[in-house]
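Participant: pasting the sequence and the predicted model now:
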Amino acid sequence: MEDWGYRGTQVLLTISKLGEELITAMQHYGFGVADRDRSWAFYRKLGFDVPMSLNQSYASRMEPVVGGDFERKVVIAANLLGGATLELYQYLSTEPRPYPTNWRWGDPGMNASALKVPDIQRALELFEDTPETVICGPLPWAPRPEWKAALIRDPDNLLINLIEIPGMPYSLRKNGERVGGAIFPTMAVTDMEASLDFYRDILEYRDIVYDWKGIDPMLKGIPGGDRLMRRVLLHDPRPSASFYSFYLDRGWIELVEVEGKKGPHIYHGRRWGDIGQMEVCFDVHDIQATFDELISRGAKPVLAPNTDDFDMGHGSTALFAYVADPDGTMIELAEATKLKVTEKFSIDLRKRKPGKAFPKWMMKRVRKKRYKE
């Protein structure tokens, strides 16, 4: 991993309450796509219509990881019903490499993402004109039959679960919104116990929501989805300490291990940013201390934190770094450093007290940024 850009940093700080003080929320899921504008049009239909970052530039910081300084265009879009945001990332100066044609469910990497919905039937009405989008459902969610779910595909055939969960919180439920933000990624792993050590003990997602073994009928049409599998859903129950806790929370993480042979990692022989679900990003307060602590706990270093603010577009800036799970799936850490609220008003987040969430009026301001078709 050192060859990917990390050259080692001395651990200067040991944090006894890492999740509470530094890792504050699940911020976004990153998808590599063939056409950002096409993909964003699809996800706007699902409520991801507030651009928190809209950017076209060269991603020089990622050169050690992807092997070149490539131009790309990106949107990070929030959903006002709350939950993690989505980052849609398209290479421009190089051709995005397609999803592996021999992929099967359970090959290591991020296999799917789950979005929360208040009413699964109403959510599926969004696809009445495009029935091919819906793979199956609504059906009971196999590990928790009281949940209702449907499996859909996005324009790049990436798998998305829509899940109706009793008691699930929502930031806003106005204007007939039908789909909320991301609530958990499904990480396929090759060794469940090693992965539990990482996600439960290193990242501190310690509560087990379910630990289920069986064959999932929702996956019968997916290559490799007819195999016996173990699925474990992990949760950190502590409240979000993010500045953005009016819509971000800590979310859940699902791990899945299938029986039998697994193929190579989804990104084996391809680059971060090529087509696929490529990362989960965590919101943090002190990126250097968080990075150092995770490495000291056993996380694999990929890319050390930057020291200069990175322009995210829309007048906002951030710092970011990467570690990897035991199978090499990328985990991003991001520390927001400046937020542009209006054309004339920005907030220097370094001067804001950690854990002090923005007030509710910020939600109203965010609503005014919604993309208009």
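Facilitator: Nice, thanks for sending it over.
Participant: only C-alpha atoms for contact and neighbour calcs from this point on.
Facilitator: Will do.
Participant: and the next helix or strand past the lowest-mean-pLDDT helix or strand in the chain?
Facilitator: Least confident helix or strand, the chain: helix 18-21 with a mean of 47, by mean pLDDT, DSSP states H and E. Next in sequence after helix 18-21, counting helices and strands by DSSP states H and E, comes strand 23-32.
Participant: which strands and helices sit next to that next one?
Facilitator: Here strand 23-32 touches strand 85-91, strand 182-188, strand 276-284, going by 3 or more Cα pairs under 8 Å, 6 or more residues apart in numbering; DSSP states H and E.
Participant: mind doing that once more with 6 Å?
Facilitator: strand 85-91, strand 276-284 (3 or more Cα pairs under 6 Å, 6 or more residues apart in numbering; DSSP states H and E).
Participant: that one - what's its average pLDDT?
Facilitator: Strand 23-32 carries an average pLDDT of 93.
Participant: show me what contacts the most centrally placed residue in the chain?
Facilitator: Centroid check for the chain by Cα atoms, centre = their mean gives residue 29 as the closest residue, at 1.9 Å. Counting by Cα atoms under 6 Å, 6 or more residues apart in numbering, residue 29 makes contact with 86, 87, 279, 280.
Participant: equivalent analysis for residue 140, please.
Facilitator: Contacts of residue 140 by Cα under 6 Å, 6+ apart are 147, 148.
Participant: if I look at it, how far off is residue 290?
Facilitator: 38 Å (Cα to Cα, to the nearest Å).
Participant: ok, and the closest non-adjacent residue to residue 356?
Facilitator: In this structure, residue 356 finds its nearest non-sequential neighbour in residue 243, 6.0 Å apart by Cα to Cα, 6 or more residues apart in numbering.
Participant: burial count for that neighbour?
Facilitator: Residues near residue 243, counting by other Cα atoms under 10 Å, number 23.
Participant: wait, it touches residue 358, no?
Facilitator: Yes - Residue 243 lies in contact with residue 358 (Cα atoms under 6 Å); the separation is 5.5 Å.
Participant: for the residue nearest to residue 137 when sequence neighbours are not counted, pull up the helix or strand it's in.
Facilitator: The spatially closest residue to residue 137, leaving aside those adjacent along the chain, is residue 150, at 4.1 Å (Cα to Cα, 6+ apart). In the assignment (DSSP H and E), residue 150 maps to strand 144-153.
Participant: give me the sheet partners of that strand and which way each runs.
Facilitator: With DSSP bridges as the test, strand 144-153 is paired with strand 134-141 (antiparallel), strand 159-164 (antiparallel).
Participant: can you say which of those strands is packed in most?
Facilitator: Across those, averaging neighbours per residue (mean count of other Cα atoms under 10 Å) puts strand 159-164 on top, at a mean of 24.
Participant: now do the helices in the chain.
Facilitator: Using DSSP state H, the helices of the chain run over residues 18-21, 36-45, 63-66, 120-124, 192-196, 287-297, 361-367.
Participant: what does the fourth one contact?
Facilitator: Residues lying outside helix 120-124 but in contact with it, judged by Cα under 6 Å, 6+ apart, are 164, 178.
Participant: in it, which residues are buried?
Facilitator: Across helix 120-124, burial judged by 16 or more other Cα atoms under 10 Å covers 120, 121, 123, 124.
Participant: and the gap between the residue nearest to the centre of the chain and residue 148?
Facilitator: Distance of residue 29 to residue 148, given as Cα to Cα: 22 Å.
Participant: still on that earlier bit, top of the contacts of residue 29 by neighbour count?
Facilitator: Within the contacts of residue 29, residue 87 tops the neighbour count with 28 neighbours, counted by other Cα under 10 Å.
Participant: any idea of the mean pLDDT for stretch 280-288?
Facilitator: For stretch 280-288, the mean per-residue pLDDT is 91.
Participant: low-confidence regions, the protein specifically.
Facilitator: Within the chain, the ranges that satisfy pLDDT under 70 run 1-21, 173-176, 309-317, 337-352, 355, 360, 362-368.
Participant: if we use 90, what do you get?
Facilitator: 1-25, 50-68, 80, 137, 169-177, 237-250, 284-286, 306-320, 334-373 (pLDDT under 90).
Participant: please enumerate the strands of the stretch 251-373 of the chain.
Facilitator: Along the stretch 251-373 of the chain, counting by DSSP state E, counting those that start in this stretch, strands occupy 252-258, 276-284, 300-303, 310-313, 316-324, 330-340, 346-348.
Participant: dump the ones you listed into CSV; add distance to residue 23 as well.
Facilitator: Formatted as CSV, the strands of the stretch 251-373 of the chain follow (distance: least, Cα to Cα, whole Å):
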stretch, distance to residue 23
strand 252-258, 14
strand 276-284, 4
strand 300-303, 17
strand 310-313, 20
strand 316-324, 13
strand 330-340, 8
strand 346-348, 19
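Participant: ok, which of the ones you listed comes nearest residue 192?
Facilitator: With Cα to Cα as the criterion, residue 192 lies closest to strand 252-258 of these, at 6.3 Å.
Participant: report the inter-axis angle for the closest one versus strand 23-32.
Facilitator: For strand 252-258 against strand 23-32, the angle by axes from the mean of the first three to the mean of the last three Cα atoms, to 10 degrees is 50 degrees.
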